[in-house]
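Chemist: Got a sequence here, can you model it:
(one chain, ligands or ions: 1)
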Amino acid sequence: MVSVRSAGKVLIDRLFVRGTVTAIDMVTPRMRRIVLDAPGLEWTPGQHVRVAADGVMTRRTYSVWDYDGTSLELYVLDHGEGPGARWARSVRPGQEVVFGKPEGNLVTRPSAYHLFAGEETAAVAFGPMLRALGEVPVYGVVEADTPGDRLPVDLTWRFREGTSAASSDSLVQAVRDLDLPDEPGTAYVAGEARTVQAVRAHLVRDRGWPRRSVVTKPFWTPGKKGME
Ligand SMILES: Cc1cc2nc3c(=O)[nH]c(=O)nc-3n(C[C@H](O)[C@H](O)[C@H](O)COP(=O)(O)OP(=O)(O)OC[C@H]3O[C@@H](n4cnc5c(N)ncnc54)[C@H](O)[C@@H]3O)c2cc1C
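Modeler: Presented below is the predicted three-dimensional model:
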């Protein structure tokens, strides 16, 4: 007879992946790299995983910075006291992490050129997307708090210097300032939800881009817990 407990474990093993933490370090003063040993997954650059931050019912979403078929790298911003931020601060090498398989539609499409816009957590998804693109024209802006928050992502970086990433007029302005080709390309806009909406509104309303050419992914917004 199968106990409820072992049936639950079988279900979790079917739905989730178990990885072991092999390394943790700070890539910027506020961005923590967590490396998991998790062989055999399928991942497309730009996709994310949903980590069990406080039991499998409290999951938080993190983009995959890199995956070589064995080691999966997450970059987690240390922003507050939510379950995700607490999990990232407390996890240690050797510990097991339960998470869902890589998923998500923030992935590049064939396009004449690509435009990226977002804040520091969006840059975690943009990094691998850019690395996979090859020789296609790329434009874009990432807004981070300070120069120390910059990740190795080859886009124009702007700094908020203490102002909020939420409803960021300065990111919209930075996208407005870009000298883009006349014809639309494909845009990938991620990060704080209201800023994402404002950047999309600029591209669609002011530049006449079709909505389908703008791939949006809200990552977080003030007052909302775990956007996905
Ligand atoms: C597809 C996707 C990919 C993501 N990739 C990454 C990633 O690679 N790295 C990463 O760090 N985050 C990433 N995020 C964002 C992350 O999932 C959220 O920040 C999540 O809310 C963190 O959980 P938490 O428990 O720490 O905070 P929660 O309890 O979920 O949120 C509490 C409050 O914290 C504040 N908050 C949340 N996130 C931020 C933030 N980034 N900056 C400032 N304030 C914030 C908000 O006011 C929110 O109401 C991603 C989200 C999505 C949907």
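
Chemist: which SS state does F99 fall under?
Modeler: F99 falls in the strand class when you classify it by DSSP: H, G, I helix; E, B strand; the rest coil.

Chemist: so it bridges to which residues?
Modeler: For F99, the beta-bridge partners are V17, V51 (DSSP bridges).

Chemist: all numbers from here: first residue = 6
Modeler: Done: numbering now begins at 6, and the last item shifts to F104.

Chemist: Just give me the neighbour total for it.
Modeler: Using other CB atoms under 10 Å, F104 has 25 other residues around it. All C-beta spots, glycine's among them, are computed from the backbone N, C-alpha and C.

Chemist: Could you verify my assumption that L160 touches V146?
Modeler: Yes - L160 is within contact range of V146, at 6.3 Å (criterion: CB atoms under 8 Å).

Chemist: Quick check: neighbours shared by these two?
Modeler: Residues touching both L160 and V146 by CB atoms under 8 Å, 6 or more residues apart in numbering: F121.

Chemist: This protein against the ligand: which residues are in contact?
Modeler: For the chain, the residues found near the ligand under the criterion CB under 6 Å from any ligand atom are 53, 65-68, 80-82, 84-85, 87-90, 109, 126, 129, 170, 222, 224-225, 227-233.

Chemist: Just the buried ones from the residues you listed, in PyMOL syntax?
Modeler: The following PyMOL line selects those of the residues of the chain next to the ligand that are buried, judged by 16 or more other CB atoms under 10 Å:
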select buried, resi 53+65+66+67+68+80+81+82+87+88+89+90+109+126+129+170+222+224+225
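
Chemist: What about the residues of the chain next to the ligand, which are in helices?
Modeler: Residues of these located in helices (DSSP state H): P88, G89, A90, V129.

Chemist: so can I have a markdown table of these showing distance to L135 and pLDDT?
Modeler: Below are those laid out as a markdown table (distance: CB to CB, whole Å; pLDDT from 0 to 100):
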| residue | distance to L135 | pLDDT |
| --- | --- | --- |
| P88 | 30 | 97 |
| G89 | 24 | 98 |
| A90 | 26 | 97 |
| V129 | 12 | 98 |
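
Chemist: and which of these is nearest R35?
Modeler: A90 (10.1 Å; CB to CB).

Chemist: and that closest one, what does it touch?
Modeler: By CB under 8 Å, 6+ apart, the contact set of A90 is V81, L82, D83, H84.

Chemist: Can you list the buried residues in stretch 22-42?
Modeler: 22, 24, 26, 29, 32-33, 35-41.

Chemist: For those, give me a markdown table that also has secondary structure and pLDDT.
Modeler: Converted to a markdown table, these look like this (DSSP: H, G, I helix; E, B strand; the rest coil; pLDDT from 0 to 100):
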| residue | secondary structure | pLDDT |
| --- | --- | --- |
| V22 | strand | 95 |
| G24 | strand | 97 |
| V26 | strand | 98 |
| I29 | strand | 98 |
| V32 | strand | 98 |
| T33 | strand | 98 |
| R35 | coil | 96 |
| M36 | strand | 98 |
| R37 | strand | 98 |
| R38 | strand | 98 |
| I39 | strand | 98 |
| V40 | strand | 98 |
| L41 | strand | 98 |
